[in-house]
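Student: Sequence first, then the predicted structure:
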Protein chains: 2
Amino acid sequence: MDVGRIVDTALQLIDEVGIQALTLRMLAEALDSGTATLYRHFDGKDELLALVADRVLGEVRVPAEELDGLSWREAVTVSAKAFYGTLCRHPNVLPLLAAQVPVGPNGLRARERLITLFLSHGFPLGLAARAFTAIGHYVIGFSIQQHGPGTPPPEEQSQLRDYYNALDPASYPATTAAAEELTSVPLDEEFRFGLDLLLDGLEKAMLDAA
Amino acid sequence: MDVGRIVDTALQLIDEVGIQALTLRMLAEALDSGTATLYRHFDGKDELLALVADRVLGEVRVPAEELDGLSWREAVTVSAKAFYGTLCRHPNVLPLLAAQVPVGPNGLRARERLITLFLSHGFPLGLAARAFTAIGHYVIGFSIQQHGPGTPPPEEQSQLRDYYNALDPASYPATTAAAEELTSVPLDEEFRFGLDLLLDGLEKAMLDAA
DNA sequence: ACCTGAACACCGTTCAAGT
DNA sequence: ACCTGAACACCGTTCAAGT
């Protein structure tokens, strides 16, 4: 039994039941083993979870050919969407990615690629570094807010709308007026909206720097 | 013993030891009580944590007078900085705020106020709603990334720089080149940078809509 | 009627005993 | 030398017994 299979199984279980509900006993049983055996392959639950987080980051696939010939703006959009898509496939893993700066091998590779992308399009080093950080924050922040109170996404959206609509309009005139807008916009579209805000800002920063 | 005192004490303990390390026994002892007694005031640890999260949101104070006469851009900046400042005082609470859409009374009030701010400056309803979401995502996402691997902020920044610098420059040329930029920029400045990107984008969206 | 000590089922982790 | 059953300390939660 190698670490890869343990991490794969842990990710599968987390996708099904969440981080909170994953227990080492459950994981051991799924691997036809015992909890004590697991400890021979990693140092504790926290380290295992870090491996799972990096495993998910490794799932983000942006073939270099796909970015060839694109403007930096298009290339960043493709990359951010790929990242976002992967996070949406593993919503239960999001708290792990948000809780700390990812420094596993796959996290480092992703960081390296995006900073290189900015540099290759003439961004000054400082702007490239901060652009990377801002976009990373945005994608993770957006994804984590989206997959909120545990319930499945479609249910949740309409539940949230019901909640907003049930509020007293006298106390919350703006929130109730915007209830439809806050919850009915397709999430992909809302993701694009915020991303475009950031890209508009970066475009302006590049013009100002030139 | 009222719920307010329980939540205040829980927040104090979380500020000191973190969410993971807070136990109901510890909380009960700090209140000179027993765990069973706590359950008469809330339904379980999760509900208590939701109360703590909303308690923190209630700490964000932006007096209406302070926003009088400001442009929407200035007013949003003041509000976002106040929010950010409060989150920095309670970094251990961040995972709670990121894990779900805050629907407690203080969360609702904050949402209402910011959407109203946009509306009062002529933003269309849809743009106001999405601007609120984008900025909320950004502030929480930025804050949560900033307070990463458990270690205190100053240590962490230099630790992270050492980590980046120790990488093989042949494998990670961009990351090592940007190591200084990634970790040495004052955090407040970096926060402002990303926020300004968003505000630039919103300004453009307003011009396009007009 | 209200409160709570003590117990319950279960967790992450460890280690002495097995092979 | 390697593996692991069984135990340890402790968790969130519950309830029957006290006041």
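Tutor: Happy to help now that I have it.
Student: Only C-alpha atoms from now on, for both contacts and neighbour counts.
Tutor: Will do.
Student: Could you check how many residues crowd around A:Ser171?
Tutor: 11 (other C-alpha atoms under 10 Å in any protein chain shown).
Student: Read off the pLDDT value for it.
Tutor: Model confidence at A:Ser171, given as pLDDT, is 87.
Student: and it, helix, strand or coil?
Tutor: coil (DSSP: H, G, I helix; E, B strand; the rest coil).
Student: which residues of chain A score low on pLDDT?
Tutor: Counting by pLDDT under 70, chain A contains low-confidence residues at A:148-157.
Student: Would you map the helices across it?
Tutor: Per DSSP state H, chain A carries helices over the ranges A:3-17, A:24-30, A:35-38, A:45-57, A:64-67, A:72-89, A:94-99, A:105-120, A:125-146, A:153-165, A:173-177, A:179-184, A:187-209.
Student: For chain A, which residues are neighbours of DNA strand C?
Tutor: By the rule C-alpha under 7 Å from any atom of the strand, the part of chain A lying against DNA strand C is A:Leu22, A:Thr23, A:Leu24, A:Arg25, A:Thr35, A:Ala36, A:Tyr39, A:Asp43, A:Gly44, A:Lys45, A:Asp46.
Student: quick one on the thing from earlier: Serialize the helices of chain A to TSV and add fields for mean neighbour count.
Tutor: Output for the helices of chain A, formatted as TSV (neighbours: other C-alpha atoms under 10 Å in any protein chain shown):
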stretch	mean neighbour count
helix A:3-17	17
helix A:24-30	16
helix A:35-38	14
helix A:45-57	19
helix A:64-67	11
helix A:72-89	18
helix A:94-99	21
helix A:105-120	19
helix A:125-146	23
helix A:153-165	15
helix A:173-177	20
helix A:179-184	19
helix A:187-209	18
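Student: can you pull the contacts of the residue lying closest to A:Asp200 once chain neighbours are set aside?
Tutor: In space, A:Asp200 comes closest to B:Gly201 once its chain neighbours are excluded; the distance is 5.1 Å by C-alpha to C-alpha, 6 or more residues apart in numbering or on different chains. For B:Gly201, the residues meeting the contact criterion (C-alpha atoms under 8 Å, 6 or more residues apart in numbering or on different chains) are A:Asp196, A:Leu197, A:Leu198, A:Leu199, A:Asp200, A:Gly201.
Student: Next up, the contacts around the closest residue to A:Phe83 other than its chain neighbours.
Tutor: Leaving out its chain neighbours, the residue that sits closest to A:Phe83 by C-alpha to C-alpha, 6+ apart is A:Val60, at 5.7 Å. With contacts defined as C-alpha under 8 Å, 6+ apart, A:Val60 is in contact with A:Ala82, A:Phe83, A:Thr86.
Student: Can you tell me how far A:Ala53 is from DNA strand D?
Tutor: From A:Ala53 over to DNA strand D the distance is 24 Å, taken as C-alpha to the nearest atom of the strand, to the nearest Å.
Student: Thanks a lot, see you next time.
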